[in-house]
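Q: prediction below, plus the sequence it came from.
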Amino acid sequence: MILKRKNWAWPVALLALVAFPLVFQNPAVTSIAVFTLIFMAAATSWNLFSGYSGYIALGDGVFFGTGAYAMALVSTHLNMQGGYAMFALVPLGGILAMLVAVPVGLICLRVRRHTFVVITIAIFFVFQLAAINFGFTGGTAGIQIPSPSWSASFYNLPFYYVGLALVIVSTLLSAGIRRSRFGLQLLAIRDDEDRALGLGTKVAAVKLTGFVISAFTIGMAGGLYAYFLGQIYPQFAFDPLFDISIALMAFLGGLGTLLGPLLGALILESLQQWLTLQFSSGSLYLVFYGVLFLAVILLMPQGIVTFFGDVWTKRNRGVEEKKLGGVTVEEVVGTRRA
Amino acid sequence: MNGTALTHAVIDGILTGAVYALMATGLTLIFGVMNIINIAQGIFVILGAYLSYALSVHLGIDLFVGLLITIPTLFIVGICVERAFIGRLKGPEKTAMSILVTYAISLIIEGTLNLVFGVNYVQLHSWYVSKSFKVFGIYLPYIYVFGFIMAVVLLGALYVMLYRTRFGASVRASLADHTAAALVGIDVRRVSTICFGIGVAVTAAGGMVYGATNAFNASTSYDLISRLLTIVVLGGLGSLGGALVAGIVMVTLEDVVSVAWSPVWSTMVFFVVLVVVLSVRPQGLFGKQSARVA
């Protein structure tokens, strides 16, 4: 409800994001921004299945890695030169990720919630081990991706705007699904799957479709990530930390909300990148990140958006009720109890 | 591939499998009673291994004697973690939240262990780690046998506790149905805390054997937790017997594949088996059908 009241906030946020790299031109800053946008797109995309349906997937690194390897393998096999043309491989990564998501989804979605979490983790490791062991992926040595010969000050800009495009695509997808009948079916599955089935929702088909759609932007994010880094290794393309990070971002912002994953990724990824720069010791950073992470989950278990949404509603209700005669609901209930 | 190597792999697998089964039992007990997936189980194993390491290197305490200190220590750590963080989780997303909370705990412990012990791989040493004896024409380090005996003894103790004591009855009641257990006067909250403590405490024993048979550092925990989760889900979440059988079967299978085919693929077989089994039996080998209800 907070979003409807402030519809002007979306264009303003978009303008701010478009203007950001023009204002802050330091490559260190824009580089953090590119990573942040990639994660904003991925977390939003993760949320449009896991957040809406309540099926927490912790193996979406499979799609991210598929996108990354699509970028790396196609560009090196075609002997492509680094440049704008390579961005065309980003959607290809998304489509391949969707193709991978079909069999993966058919297997994973046979089981209910708790087991689903674990089987996605298992499938993730199958893919990671495959990337390490199969010859064509270059194994642990990784693959070098052609990089564009842009000047240092300009280099991050194209990546930034492609990243922003991914964020827009995933947000529109998520918003569209949220408002559609299909989105309602996903939400119904989250609330009570057996009853949804009883009421005639084709739960298996709905779940699989949601799962496959969410793979699309995550795959594209993986492709962009690989191109931006310039080289990939199985451990980075298929990274267990990625799986848990995007879930955490969505939880932090507010699971199943539109704004939540965007906000969560914006805060967490930029903070994470900044912390990495600040703490030379990776271990200290782990402790700090863990403590912060724990504090957020325990203090705001329903996520930032819902938390402040509640505060906002309470304040507004207080204002309206004061106008009506200065008695709040709490006071009435309190009097009755007394 | 020859017969001796295969026998070796099978014996190896059964002996180490029992230790994995012990660690997995802790995980499945926690899930069954509390509906919590404890991602930190992997790092608790490593914590147990590092505690044994510190005791043996700095104080010269024997690894098995050291368990008298490390098991109670981890039991208390488990109780504190449950009281401070896990017990606070409520609501429909409790299980998903538990994954995140225990993951955060695992990050904190991982970072702390790195700071205290460094990131270099270490391994526990003792005479029974380096000495071996000959049986069926293969050489077997004593630690495998000692670890197996320890795991069997502890699993036996756990069995007696669960099936022969009043407390065990309340644990099983909580496993079966929370609300009903609470209605007949069982303090489910207290049972949960103690079960979490026990689930974590067994990792001290498992961790010691793991640390004696493998070189480890804090990041080894990722490999461990993915295996333990696979075992637990394969056996059926919340099924104690399932964890035992799946632990031994999976580790043996992994060792056999590693000898018969290649060590490169053995880890993958581990996960592929899980995927295949779950495609046929979504509730795991010994899982209850009711576990399907979300």
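A: Cool, got the structure. From a predicted model like this one, the values you see are computed outputs, not experimental measurements.
Q: which parts of the stretch 51-200 of chain B are strands?
A: B:132-135, B:138-141 (DSSP state E, counting those that start in this stretch).
Q: what does the first one rub up against?
A: Where contact means CB atoms under 8 Å, 6 or more residues apart in numbering or on different chains, the residues beyond strand B:132-135 that reach it are B:Ile11, B:Tyr139, B:Leu140, B:Pro141, B:Tyr142. Backbone N, C-alpha and C define where each C-beta goes, glycine included.
Q: farthest-apart pair in the residues you listed, please.
A: Spatial extent of those (CB to CB) is set by the pair B:Ile11 and B:Tyr142 at 13.5 Å.
Q: which of these two has more neighbours?
A: B:Ile11 (19 against 15; other CB atoms under 10 Å in any protein chain shown).
Q: okay, now the domains of chain A?
A: Segmentation of chain A into domains, based on automatic domain parsing, reads A:12-302, A:303-338.
Q: quick one: average pLDDT of the last one?
A: It stands for domain A:303-338. Mean per-residue pLDDT for domain A:303-338: 59.
Q: in the chain, where is pLDDT below threshold?
A: I went with chain A, as the question did not name one. Within chain A, the stretches with pLDDT under 70 are A:1-6, A:280-281, A:317-338.
Q: that's the wrong chain, I meant chain B
A: Within chain B, the ranges that satisfy pLDDT under 70 run B:1-2, B:288-294.
Q: try it again at 50.
A: The model of chain B has pLDDT under 50 over residues B:290-294.
Q: list the buried ones in the lengthiest helix in it?
A: Looking across chain B with DSSP state H, the single longest helix is helix B:3-34. By 16 or more other CB atoms under 10 Å in any protein chain shown, the buried positions in helix B:3-34 come out as B:8-34.
Q: chain B is nearest to which of the domains of chain A?
A: With CB to the nearest CB as the criterion, chain B lies closest to domain A:12-302 of these, at 3.1 Å.
Q: now do the closest one: distance to the chain's middle.
A: From the chain centre to the centre of domain A:12-302 is a distance of 5 Å (CA atoms, centre = their mean, to the nearest Å).
Q: and the stretch 51-200 of chain A, which residues reach chain B?
A: Counting by CB under 8 Å from any CB of the partner chain, the stretch 51-200 of chain A comes close to chain B at A:54, A:56, A:58, A:107, A:110-115, A:117-119, A:121-123, A:125-126, A:129-130, A:133, A:193-194.
Q: surely A:Met300 touches A:Asp310?
A: No: at 10.2 Å, A:Met300 does not count as touching A:Asp310 under the criterion of CB atoms under 8 Å.
Q: higher neighbour count, the two?
A: Counted by other CB under 10 Å, A:Met300 and A:Asp310 do not tie: A:Met300 has more neighbours, with 17 against 12.
Q: and the domains of chain A, which is most packed in?
A: domain A:12-302 (a mean of 20; mean count of other CB atoms under 10 Å in any protein chain shown).
Q: and B:Phe270, what does it touch?
A: B:Arg227, B:Thr230, B:Met250, B:Leu253, B:Glu254.
Q: kindly recompute the last result at 6 Å.
A: B:Met250, B:Glu254 (CB atoms under 6 Å, 6 or more residues apart in numbering or on different chains).
Q: wait, a strand at it?
A: No: in this structure, B:Phe270 is helix, not part of a strand, as judged by DSSP: H, G, I helix; E, B strand; the rest coil.
Q: how close does it sit to B:Ala21?
A: Between B:Phe270 and B:Ala21 the computed distance is 14 Å (CB to CB, to the nearest Å).
Q: longest helix anywhere in chain A?
A: helix A:203-229.
Q: strand partners (parallel or antiparallel) of the helix or strand just after that helix?
A: Next helix or strand after helix A:203-229 toward the C-terminus (DSSP states H and E): strand A:231-232. Paired neighbours of strand A:231-232 in the sheet (DSSP bridges): strand A:143-144 (antiparallel).
Q: helices of the stretch 101-250 of chain A, start to end?
A: A:113-133, A:156-179, A:181-191, A:193-198, A:203-229, A:234-237, A:240-253 (DSSP state H, counting those that start in this stretch).
Q: hmm, I was thinking of the stretch 51-200 of chain B
A: Under DSSP H, counting those that start in this stretch, the stretch 51-200 of chain B gives helices at B:63-84, B:94-117, B:127-130, B:142-164, B:166-176, B:178-183, B:188-213.
Q: those residues of chain B touching chain A, which are they?
A: For chain B, the residues in contact with chain A (CB under 6 Å from any CB of the partner chain) are B:95-96, B:100-101, B:103-104, B:107-108, B:110-112, B:114-115, B:226, B:229-230, B:233, B:237, B:264, B:267-268, B:271, B:274-275, B:278-279, B:282, B:292, B:294.
Q: show the buried residues in those.
A: B:95-96, B:100-101, B:103-104, B:107-108, B:110-112, B:114-115, B:226, B:229-230, B:233, B:237, B:267-268, B:271, B:274-275, B:278, B:282, B:292, B:294.
Q: quick revisit: of all the domains of chain A, which lies closest to B:Ile46?
A: Closest to B:Ile46 of the domains of chain A is domain A:12-302 (CB to CB; 13.6 Å).
Q: coming back round to it: close to chain B, is the longest helix of chain A?
A: No: counting by CB under 6 Å from any CB, chain B is not contacted by helix A:203-229; separation bottoms out at 11.1 Å.
Q: once you drop chain neighbours, what's closest to the spatially most central residue of chain B?
A: Relative to the mean C-alpha position of chain B, the nearest C-alpha, by CA atoms, centre = their mean, is the one of B:Met23, at 1.6 Å. Spatial nearest neighbour of B:Met23, excluding adjacent residues (CB to CB, 6 or more residues apart in numbering or on different chains): B:Gly206 at 3.8 Å.
Q: ok, now how distant is that neighbour from B:Gly235?
A: The spacing between B:Gly206 and B:Gly235, counted by CB to CB, is 16 Å.
Q: swap in A:Pro148?
A: A:Pro148 is 51 Å from B:Gly235, by CB to CB.
Q: repeat that for A:Ala70.
A: Taking CB to CB, one finds A:Ala70 at 36 Å from B:Gly235.
Q: A:Arg110 and B:Val280 touch, don't they?
A: No: using CB atoms under 6 Å as the test, A:Arg110 is too far from B:Val280 to be in contact (9.3 Å).
Q: so which of the helices of the stretch 101-250 of chain A gets nearest B:Val119?
A: Between those, helix A:234-237 lies closest to B:Val119; by CB to CB that is 15.5 Å.
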